[in-house]
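Novice: Fold the stuff below for me.
(2 chains)
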Amino acid sequence: MPWLYFTLLGLPLAELARRIVWGDLGANPVEVVTHYTGATTCYLLAWVIALGPLQALLPHPLIRWLARHRRMAGLWVFAYAQLHLLIWLLDQTLGAAEVKANLTKPFVLWGLCADAWLWVMALTSLRWFQRRLPWKRLHTWVWVLPLPITLHWMLKEEGNPERALWLFAPLGLLWLARWARGLSKAPRQ
Amino acid sequence: MLIKTPKSWEIPASQVTDETLFLNRRSLLKAAGFMGSSLLLAGLPKATVAQPGLPLKSGKNPAYQSGNPTSEDLVTGYNNYYEFTTDKEGVKTLAEKATLPPWKLLIDGLVERPQELDLDQIAALGLEQRIYRFRCVEAWSMVVPWDGLPLHKLLALAQPQPAAKYVAFTSLEDATLFPGQNNKSYPWPYREGLRLDEARHELAFLSLGVYGRQLPTQNGAPLRLVVPWKYGFKSVKAIVKLTLTDKQPATMWNEIAPREYGFFANVNPEVDHPRWSQKSEKLLGGWFQRQPTLLFNGYPEVARLYQGLDLKRWF
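Specialist: Okay, the predicted model is just below:
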């Protein structure tokens, strides 16, 4: 069954490919692809983070199964984030190169911050590191990601903090619910 | 004398037109008048109400025909219009559902002759088509064939007084038409302003149409400003009032974020937006058509308006 989960998580990418092939990207394709991959990163990230408290609050076998396969979902988050960065870099370097002018802008810095952390998480989830690091404890730090991402979202051209808050604020509620139930320690996976 | 001798100019009561007929005749005449003048605008009656998409009588101005216009569906399907939504590609669907009310443009303030004009009266001043570059503050751009008239023609009708130094533009406020105006975190209505010498510059344009047709609602129907050397947010849409003032008018984006949106808002690759670079821009219509941004959006003839002005400070 993991293959089915893996495929499901790849569906947003398939949909994007369809839109590219069909030319269904409107006036500013780069913007659409950038927003699409960025938003998908955020939605999936929220899902991955939510699974932690969810498995404590709702000990359903399906939730437990999904939580066990969080690593795979996390790697998809990483993949969508890299696509997001790649299309932006291409746009900034092809044609009138502007990458240097934008590299110091806060929205870019916060995005890169978040991405650096995603790299740490992705690399340390390799088996070799898993055996050598307290990687589960390390990976609970996935919780810090919404902060730089929200700032990144707010500070871009057409900043939209509402969407970031709608997405990430419920995570805070979930965390509170778990804390309130005295389950501050996540069960062993 | 009880015998009444009718004067030569007296009309017998039997010949006086019945009042109801008289009123009917007046409304007929009025309608005929509308039809006559509306031929100028759309070739159809009721031209005091904008009819987005209908052909407009406008001739190409040969002085402003350079540039390769962005395709019409992109020009009319991708722009900011926060009165509808903050999503550029969501504006069109919402705007197409909106019905514009009958329109009057007021010109008041420090003028000799305040004006209240309907669309026909504005169109009667003569419309022309000009191709202008359009640069959004968000670093994307397009090339647009606008139909309209230079703003100075309209100002001349009202005759600004010597004390007038600025023109304040007010856009329509109507939350039943504009769902975005229910978001009270923005200080509606949308207001913009120009210095009077900027407003009188030959390039400052009042647009009633695009691509030879009346403006679609999403592009600011029935009439909007086009100031091609400034960022797009200066080119206020759905204008209901021009007020001549002696003080710099408050403008909406400047009120919301004075550090980010200055009163001048001249296109300038050397002055970054605090949050992003303005050195280059995305030309709509392709994937990687990023091009260098030009000072005054490539209209150097306006430079004389800003002689001695520090463009970095007065952004």
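Novice: Let's see the pLDDT reported for residue A:134.
Specialist: Here the pLDDT value assigned to residue A:134 is 78.
Novice: Please report how far it lies from residue A:124.
Specialist: 10 Å (C-beta to C-beta, to the nearest Å). Using the backbone N, CA and C atoms, a C-beta is placed for each residue, glycine as well.
Novice: more neighbours, the two?
Specialist: residue A:124 (16 against 9; other C-beta atoms under 10 Å in any protein chain shown).
Novice: Could you pull up the residues touching the closest residue in space to the more buried one that isn't next to it in sequence?
Specialist: Nearest residue to residue A:124, sequence neighbours excluded (C-beta to C-beta, 6 or more residues apart in numbering or on different chains): residue A:135, at 5.3 Å. Contacts of residue A:135 were listed using C-beta atoms under 8 Å, 6 or more residues apart in numbering or on different chains, and they are A:124-125, A:129.
Novice: Let me have these in TSV, adding distance to residue B:175, secondary structure and pLDDT as columns.
Specialist: Output for the contacts of residue A:135, formatted as TSV (distance: C-beta to C-beta, whole Å; DSSP: H, G, I helix; E, B strand; the rest coil; pLDDT from 0 to 100):
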residue	distance to residue B:175	secondary structure	pLDDT
A:124	52	helix	89
A:125	50	coil	85
A:129	56	helix	77
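Novice: Let's see the pLDDT reported for the residue of the stretch 1-150 of chain B found nearest chain A.
Specialist: Nearest residue of the stretch 1-150 of chain B to chain A: residue B:78, at 3.7 Å (C-beta to the nearest C-beta). Looking at residue B:78, its pLDDT reads 95.
Novice: Run a quick neighbour tally on it.
Specialist: Neighbourhood size, residue B:78 [other C-beta under 10 Å]: 22.
Novice: list the contacts for it?
Specialist: A:26-28, B:88-89, B:284.
Novice: Could you measure from it over to residue B:215?
Specialist: 15 Å.
Novice: Check residue B:197 too.
Specialist: For residue B:197, the distance to residue B:215 - C-beta to C-beta - is 26 Å.
Novice: Of these two, give the one with the bigger neighbour count.
Specialist: Between residue B:197 and residue B:215, counted using other C-beta under 10 Å, residue B:215 has the larger neighbour count: 27 against 14.
Novice: where exactly do the helices run in chain A?
Specialist: A:2-21, A:29-57, A:61-68, A:70-93, A:99-103, A:106-124, A:127-132, A:135-139, A:146-155, A:161-180 (DSSP state H).
Novice: right, and the ones you listed - which one's nearest residue B:157?
Specialist: Among the helices of chain A, the nearest to residue B:157 by C-beta to C-beta is helix A:29-57 (41.3 Å).
Novice: can you pull the buried residues of that closest one?
Specialist: With burial defined by 16 or more other C-beta atoms under 10 Å in any protein chain shown, the residues of helix A:29-57 counted as buried are A:29-42, A:44-57.
Novice: interface residues of the stretch 51-200 of chain B facing chain A?
Specialist: Neighbours of chain A within the stretch 51-200 of chain B, by C-beta under 8 Å from any C-beta of the partner chain: B:74, B:77-78, B:80, B:86, B:88-89, B:138-140.
Novice: List buried members of these by neighbour count.
Specialist: B:74, B:77-78, B:80, B:86, B:88, B:138-140.
Novice: Give me the subset of these that lies in helices.
Specialist: residue B:74.
Novice: Isn't residue B:186 up against residue B:171?
Specialist: No - when contacts are counted by C-beta atoms under 8 Å, residue B:186 is not listed as touching residue B:171 (11.6 Å).
Novice: the more surrounded of these two?
Specialist: Counted by other C-beta under 10 Å, residue B:186 and residue B:171 do not tie: residue B:171 has more neighbours, with 23 against 16.
Novice: In space, what's closest to that one - neighbours in sequence excluded?
Specialist: residue B:190 (3.9 Å).
Novice: List the residues that contact residue B:199.
Specialist: Counting by C-beta under 8 Å, 6+ apart, residue B:199 has contacts B:151-152, B:155, B:167.
Novice: hmm, I was thinking of residue B:155
Specialist: Counting by C-beta under 8 Å, 6+ apart, residue B:155 touches B:107, B:167, B:196, B:199-200, B:242, B:244.
Novice: what's the spacing between the host helix or strand of it and its chain's center?
Specialist: Per DSSP states H and E: residue B:155 is located in helix B:151-158. Relative to the chain's own centre, helix B:151-158 is displaced by 13 Å; criterion: C-alpha atoms, centre = their mean, to the nearest Å.
Novice: hey, C-alpha coordinates of that helix in CSV?
Specialist: In CSV, the C-alpha atoms belonging to helix B:151-158 read as follows (Å, rounded to 0.1, in the frame of the first residue of the first chain):
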residue,chain,number,x,y,z
LEU,B,151,-6.4,63.9,-19.7
HIS,B,152,-5.5,67.6,-20.4
LYS,B,153,-8.5,67.8,-22.8
LEU,B,154,-10.8,67.0,-19.9
LEU,B,155,-9.1,69.3,-17.5
ALA,B,156,-9.3,72.1,-20.0
LEU,B,157,-13.1,71.8,-19.9
ALA,B,158,-13.1,72.5,-16.2
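Novice: Now it: buried residues?
Specialist: B:151, B:154-155, B:158.
Novice: ditto for stretch B:109-129
Specialist: Here stretch B:109-129 shows B:109-111, B:115, B:117-123, B:125, B:127-129 as buried, counting by 16+ other C-beta under 10 Å.
Novice: Stretch B:65-72 now?
Specialist: In stretch B:65-72, counting by 16+ other C-beta under 10 Å, buried: B:69-70.
Novice: So which residues make contact with that stretch?
Specialist: Taking C-beta under 8 Å, 6+ apart as the rule, stretch B:65-72 contacts B:75, B:130-133, B:142-145, B:210-211, B:283-285.
Novice: Quick one: end-to-end length of it, please.
Specialist: End-to-end distance for stretch B:65-72, by C-alpha to C-alpha, to the nearest Å: 16 Å.
Novice: Leaving out chain neighbours, which residue sits closest to the residue in chain A sticking out farthest from the centre?
Specialist: For chain A, the residue at maximal distance from the C-alpha centroid (C-alpha atoms, centre = their mean) is residue A:96, at 29.6 Å. Excluding the flanking residues, the one nearest residue A:96 by C-beta to C-beta, 6+ apart is residue B:280, at 3.8 Å.
Novice: before we move on, what about residue B:299?
Specialist: Nearest one to residue B:299, counting by C-beta to C-beta, 6+ apart, is residue B:229 at 4.3 Å.
Novice: Also residue A:24?
Specialist: residue A:18 (7.6 Å).
Novice: how much space between the one you found and chain B?
Specialist: According to C-beta to the nearest C-beta, to the nearest Å, residue A:18 stands 17 Å off from chain B.
Novice: Which per-residue confidence value corresponds to that residue?
Specialist: pLDDT at residue A:18 comes out at 96.
Novice: Likewise for residue B:21?
Specialist: Confidence score, pLDDT, at residue B:21: 44.
Novice: ok, now residue B:217?
Specialist: Note for residue B:217: predicted pLDDT of 96.
Novice: so who does residue B:234 touch?
Specialist: So residue B:234 contacts B:192, B:194, B:225, B:227, B:265 (C-beta under 8 Å, 6+ apart).
Novice: any idea which of the residues you listed is closest to chain A?
Specialist: Nearest member of the contacts of residue B:234 to chain A, counting by C-beta to the nearest C-beta, is residue B:265, at 15.1 Å.
Novice: per-residue pLDDT, the closest one?
Specialist: 98.
Novice: That one and residue B:229 touch, don't they?
Specialist: No - between residue B:265 and residue B:229 there is no contact under C-beta under 8 Å: 9.6 Å.
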